[in-house]
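Asker: everything below, folded, please.
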Amino acid sequence: MASLYEIRGLAEYAAENVSRSPKDWMKYLDTAARLYRYPFSDTLLIYAQRPSATACASLELWNEKMGRWVNRGAKGIALIDDSGPRRRVRYVFDVRDTHLGRGGRTPNLWKLEERHREALRDYLADTYSVREDRREILPSVLWEIASDMKDEYMIEMLGQLYQETDGTKFSFRNNSTLTANFSLLLENSMFYCLCVRCGLNPMEYLEEAEFAGITDFHDLSVLTLLGSRISELMEPVLIDIGRTVQRLNLEESKKEVEKSLHSVYNEFSTLKRESETGEGEKKDGTDISQKGRLPVSKSDSDIPLLQKKLSSERQKGLLISPKSR
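Answerer: Residues are numbered from 1 along each chain as shown. Below is the predicted model of the structure:
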């Protein structure tokens, strides 16, 4: 088991690693987009140990609530738990480290289908009051949401940044470049995550150079200021999107079921009507009587006569019974 000191060192190393270049930062954002329900401190450590993770939880949660069992030999992802009076190391496992037990279930990880993009666009545009000239496509709506959230909370965040960095070499007070980079990174990173989670390519609308300011945030404490704000603002929007996508899928499934039932009902009604009116008595080469029974064939009606003839022939000794052979 790793010590708290080792995991703290891993977090510092991860902060330096993801802030080395725009590409490194975007690789981290790919993971953050999938794990948007986790705080930045957890997401950074998960990225450092398992960048491809999609859904992480403790062993107890997998076993007791999800009915899944952690695979033998699976390696846990170490996180720092500061919820109690003393910090400690806790472990979580990705869903791919588990398997279904009896009655178990798999996490519902939503996926936005292309056919639902227009409906989601309209919902988000109305819900987040996106102006009319930005409603044409879903990416425009997502960018407007990210921009509006940044503008709404930037003044409040700057006050927190001034307070938390005063007296350090990363002080935001009277440092216009650092403040401008923070603002740009906040907006672009949120837009990037929103696009990635919705299955869109954010780099069709962004340039790597727009993330160049990330190299100013290589210190863990300063990067945490940025990463935490991104997570806090992005999470409720993605939760809303996820619920909307699930609703759209449910409505679509409901319509398919209703369509199927309607088709079966129509087919039944047609058959019933044909049966009552006598239509369709000959179908697929089969004769059906008006009473819905198969008519008696000539060969069937001749059976009694045939039996009498055979009996007569046996009496005359013309036929030999099978038993006497």
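
Asker: mind listing the strands in the protein by residue range?
Answerer: Listed in chain order, the strands of the chain (DSSP state E) span 56-57, 68-70, 77-81, 88-94, 98-100, 282-283, 286-287.

Asker: avg pLDDT for the first one?
Answerer: This points to strand 56-57. Averaged over strand 56-57, pLDDT sits at 96.

Asker: could you do the fourth one as well?
Answerer: For strand 88-94, mean pLDDT rounds to 96.

Asker: any regions of this structure where pLDDT drops low?
Answerer: 258-325 (pLDDT under 70).

Asker: nearest residue to the middle of it?
Answerer: By C-alpha atoms, centre = their mean, the chain has its centre lying nearest to Trp110, at 1.9 Å.

Asker: my read is that that one contacts Thr244, right?
Answerer: No: counting by C-beta atoms under 8 Å, Trp110 does not reach Thr244; the two are 9.1 Å apart. (Glycine included, C-beta is placed from N, CA and C.)

Asker: please report the distance of the nearest residue to Tyr123 once chain neighbours are set aside from Met234.
Answerer: The shortest distance from Tyr123 to any non-neighbouring residue, by C-beta to C-beta, 6 or more residues apart in numbering, is to Thr244 (5.4 Å). Counting by C-beta to C-beta, to the nearest Å, the separation of Thr244 from Met234 is 16 Å.

Asker: just Leu206 next, same as before
Answerer: In this view, Leu206 and Met234 are 16 Å apart by C-beta to C-beta.

Asker: which one of these two is surrounded by more residues?
Answerer: Shown here are Leu206 and Met234; by other C-beta atoms under 10 Å, Met234 has more neighbours (25 against 18).

Asker: OK, contacts around the more buried one?
Answerer: Tyr36, Met190, Cys193, Leu194 (C-beta atoms under 8 Å, 6 or more residues apart in numbering).

Asker: just the helices in the stretch 151-300 of the chain please.
Answerer: For the stretch 151-300 of the chain, the helices defined by DSSP state H, counting those that start in this stretch cover 176-197, 220-277, 298-301.

Asker: go through those and name the closest to Ala53.
Answerer: helix 176-197 (14.3 Å; C-beta to C-beta).

Asker: report how many residues lie close to Arg115.
Answerer: Residues lying near Arg115 (other C-beta under 10 Å) number 9.

Asker: nearest to Cys56 among the contacts of Met234?
Answerer: Nearest to Cys56 among the contacts of Met234 is Tyr36, at 12.3 Å by C-beta to C-beta.

Asker: which residues touch the nearest residue to the closest one once chain neighbours are set aside?
Answerer: Nearest non-adjacent residue to Tyr36, counting by C-beta to C-beta, 6+ apart: Leu238, 4.6 Å away. Counting by C-beta under 8 Å, 6+ apart, Leu238 touches Ala33, Tyr36, Cys193, Leu194, Arg197.

Asker: the first one contacts Met190, correct?
Answerer: No: no contact is recorded between Ala33 and Met190 when judged using C-beta under 8 Å, the distance being 10.0 Å.

Asker: quick one, which of the two is more surrounded?
Answerer: Neighbours per residue (other C-beta under 10 Å) separate Ala33 from Met190, with Met190 holding more: 25 against 20.

Asker: residues contacting the more buried one?
Answerer: Residues in contact with Met190, defined by C-beta under 8 Å, 6+ apart, are Ala146, Met149, Lys150, Ile230, Leu233, Met234.

Asker: what's around Arg8, how many residues?
Answerer: By the criterion of other C-beta under 10 Å, Arg8 has 16 neighbours.

Asker: hmm, it is touching Ile80, no?
Answerer: Yes: between Arg8 and Ile80 there is a contact under C-beta under 8 Å: 7.0 Å.

Asker: look up how far Ile145 lies from Asp151.
Answerer: Taking C-beta to C-beta as the measure, Asp151 falls 11 Å from Ile145.
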